[in-house]
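S.K.: Structural data only, the sequence is not supplied:
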């Protein structure tokens, strides 16, 4: 049973470009959480999705960020018009049900130049 | 708003020592608590999950305890080894949080031979 997959592992974008981060949950998991780890800061919750539904996006910046988890395919975190402050490690985690143990992917390290 | 604090921020010990990492949280209405380790530049590995109704969990040389009423958890590592060197993170899922995790800042552990 493969773990949580994230790609790309490293992503470099210039200011103003778009970044798309993908997360494939573990087999049998339909709950996905995204977290961000800014340099020298702790991990912060961004968004919680179930298949085709955003359940809690209270940690998402109001502008430029969006997330989806379609019926088929991976969950996508999309950042439009990236700025240097978006440089961070973005982790996704999956679980089989709400409040169950969360399993984390290796992360995508975004660098904005 | 839930806040999680971990003490100490860093710890350096000789190989073979038993050690304790501390985690405290401000809102005792939690559903569960997870301990993770994070190696530099890597993702998070789940170590132990304690449900709010439990007092402790054990896995190998690791033992985690939970005192929900006082808002505290400890992670006990027996007979530490250099391979235990990593950042240890404590995270809680609040009772009404849909399972999203609030993380502490972590304890950086170095075990030297």
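M.R.: Noted; the coordinates are in hand. All of these numbers come straight from a predicted model, not from anything done at the bench.
S.K.: got the contact list for the helix or strand in which residue A:47 is found?
M.R.: Secondary structure assigned from DSSP states H and E places residue A:47 in strand A:43-50. Identification of contacts with strand A:43-50 by Cβ atoms under 8 Å, 6 or more residues apart in numbering or on different chains yields A:30-38, A:54-60, A:65, A:67-69, A:75, A:77, A:91, B:44, B:89, B:91, B:98-103. Bear in mind the C-beta positions are built from the backbone N, C-alpha and C, glycine included.
S.K.: Provide a ChimeraX selection command restricted to the buried entries of those.
M.R.: Command for ChimeraX that selects the buried part of these, burial taken from 16 or more other Cβ atoms under 10 Å in any protein chain shown:
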select /A:30,31,32,33,34,35,36,37,55,56,57,59,60,65,67,69,75,77,91 /B:44,89,91,98,99,100,101,102,103
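S.K.: quick revisit: let's test this: mean pLDDT of the strand holding residue A:47, rounded?
M.R.: What strand A:43-50 shows for mean pLDDT is 96.
S.K.: buried sites along that strand?
M.R.: Going by 16+ other Cβ under 10 Å, strand A:43-50 has these buried residues: A:43, A:45, A:46, A:47, A:48, A:49.
S.K.: and what of stretch B:9-24?
M.R.: B:11, B:13, B:19, B:21, B:23, B:24.
S.K.: any idea of the pLDDT on residue 75?
M.R.: In the absence of a named chain, chain A is used. 97.
S.K.: Hmm, no, I was thinking of chain B.
M.R.: pLDDT, read off for residue B:75, is 98.
S.K.: Give me the nearest residue to it, chain neighbours excluded.
M.R.: Take residue B:75 and drop its neighbours on the chain: the residue closest to it by Cβ to Cβ, 6 or more residues apart in numbering or on different chains is residue B:21, 4.4 Å away.
S.K.: does the one you found sit in a helix, a strand or a coil?
M.R.: When classified by DSSP: H, G, I helix; E, B strand; the rest coil, residue B:21 comes out as strand.
S.K.: my read: it touches residue B:107, true?
M.R.: Yes. Using Cβ atoms under 8 Å, residue B:21 is in contact with residue B:107, at 4.9 Å.
S.K.: Can you check which residues contact both of the two?
M.R.: Joint contacts of residue B:21 and residue B:107 (Cβ under 8 Å, 6+ apart) are B:6, B:8, B:11, B:88.
S.K.: What residues does the last one make contact with?
M.R.: The contact partners of residue B:88, by Cβ under 8 Å, 6+ apart, come to B:6, B:21, B:35, B:36, B:37, B:38, B:47, B:75, B:106, B:107, B:109.
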